[in-house]
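Engineer: Sequence below, structure please.
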Amino acid sequence: MKMMKIVLISGKRKCGKDYVSERLKQRLGSRSRIVRISEPIKSEWARKLQLDLTALLSDGPYKEKYRRDMIVWSDEVRAQDYGYFCRVAMEEALAHHQTPYILVSDVRRKNDIKWFRETYGSERVVTLRLTSRPETRCARGWTFTTGIDDVPSECDLDDMPDGFDFVLANDEELDQEAIDTLLDKLQLQYQ
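Structural biologist: So this is what the prediction gives:
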């Protein structure tokens, strides 16, 4: 874990966080792992309500049906321990396979960034903010939803005091050159 570098990827819904994470992972190969803070949230929520975890982990209507209630519940958990879901996600990821590069594909709150910096050190953590125009997000299936798009899980990082290390406009398909340029900026050694 001495050389591990953690890329915290954030952005609004339907801006392509999973897409960019997958593209980076493809280029980095087995030296990288994608970690999703939402996985322990969804796992615990599914267990609590006896829901279909596979469907809840997908990017479809089943997840959207439960999104608002999951947000409220996970905020209650975070009020007691702001790093709880970050810690569980990392424990699960590192228990199985340690890699030099961790791509956290769904950072949504300042406290997520704070937890990673406190736990692993600021020198190992880099932040990447993805942006997309509203019309691009709409074309990807986004519709503004009150109680989802106007709460901290979507808006907490809108006024990041120190900004982000890197910002990438993700409105068009990223070719290999764009991914390689991003990896260079992030100082990640690709194959």
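
Engineer: Where does pLDDT dip in the chain?
Structural biologist: Residue ranges of the chain with pLDDT under 70: 1-2, 191.

Engineer: can you pull out the helices in this protein?
Structural biologist: All helices of the chain, identified by DSSP state H, fall at 17-28, 38-49, 53-57, 61-80, 84-96, 110-120, 134-139, 152-155, 176-185.

Engineer: Adding mean neighbour count and distance to N170, write the ones you listed out as a markdown table.
Structural biologist: All C-beta atoms are positioned from the backbone trio N, CA, C, and that covers glycine. Output for the helices of the chain, formatted as a markdown table (neighbours: other CB atoms under 10 Å; distance: least, CB to CB, whole Å):
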| stretch | mean neighbour count | distance to N170 |
| --- | --- | --- |
| helix 17-28 | 19 | 6 |
| helix 38-49 | 17 | 19 |
| helix 53-57 | 16 | 22 |
| helix 61-80 | 14 | 21 |
| helix 84-96 | 16 | 23 |
| helix 110-120 | 18 | 19 |
| helix 134-139 | 14 | 8 |
| helix 152-155 | 17 | 16 |
| helix 176-185 | 14 | 10 |
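
Engineer: could these go into TSV alongside distance to K5?
Structural biologist: Output for these, formatted as TSV (distance: least, CB to CB, whole Å):
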stretch	distance to K5
helix 17-28	10
helix 38-49	21
helix 53-57	26
helix 61-80	25
helix 84-96	14
helix 110-120	9
helix 134-139	29
helix 152-155	26
helix 176-185	11
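
Engineer: between those helices, which one is nearest to D165?
Structural biologist: helix 176-185 (8.5 Å; CB to CB).

Engineer: can you list contacts of the closest one?
Structural biologist: V20, R23, L24, R27, L28, L128, F166, L168, L174, Q189, Y190 (CB atoms under 8 Å, 6 or more residues apart in numbering).

Engineer: Name the member of those residues with the shortest distance to D156.
Structural biologist: For the contacts of helix 176-185, the residue nearest D156 by CB to CB is L128; the value is 16.3 Å.

Engineer: List the residues that contact the residue of the chain positioned farthest from its centre.
Structural biologist: Distance from the C-alpha centroid of the chain peaks at Q50, with 24.7 Å (CA atoms, centre = their mean). The contact partners of Q50, taken as CB under 8 Å, 6+ apart, number zero.

Engineer: residue closest to the middle of the chain?
Structural biologist: D106 (1.2 Å).

Engineer: Could you measure from V72 over to A46?
Structural biologist: 16 Å (CB to CB, to the nearest Å).

Engineer: between the contacts of helix 176-185, which is nearest T119?
Structural biologist: L128 (18.4 Å).

Engineer: thinking that closest one is in contact with V7, fair?
Structural biologist: Yes. With contact defined as CB atoms under 8 Å, L128 reaches V7; the gap is 5.8 Å.

Engineer: more neighbours, these two?
Structural biologist: Legend: neighbour count by other CB atoms under 10 Å for L128 and V7, higher for V7 (28 against 24).
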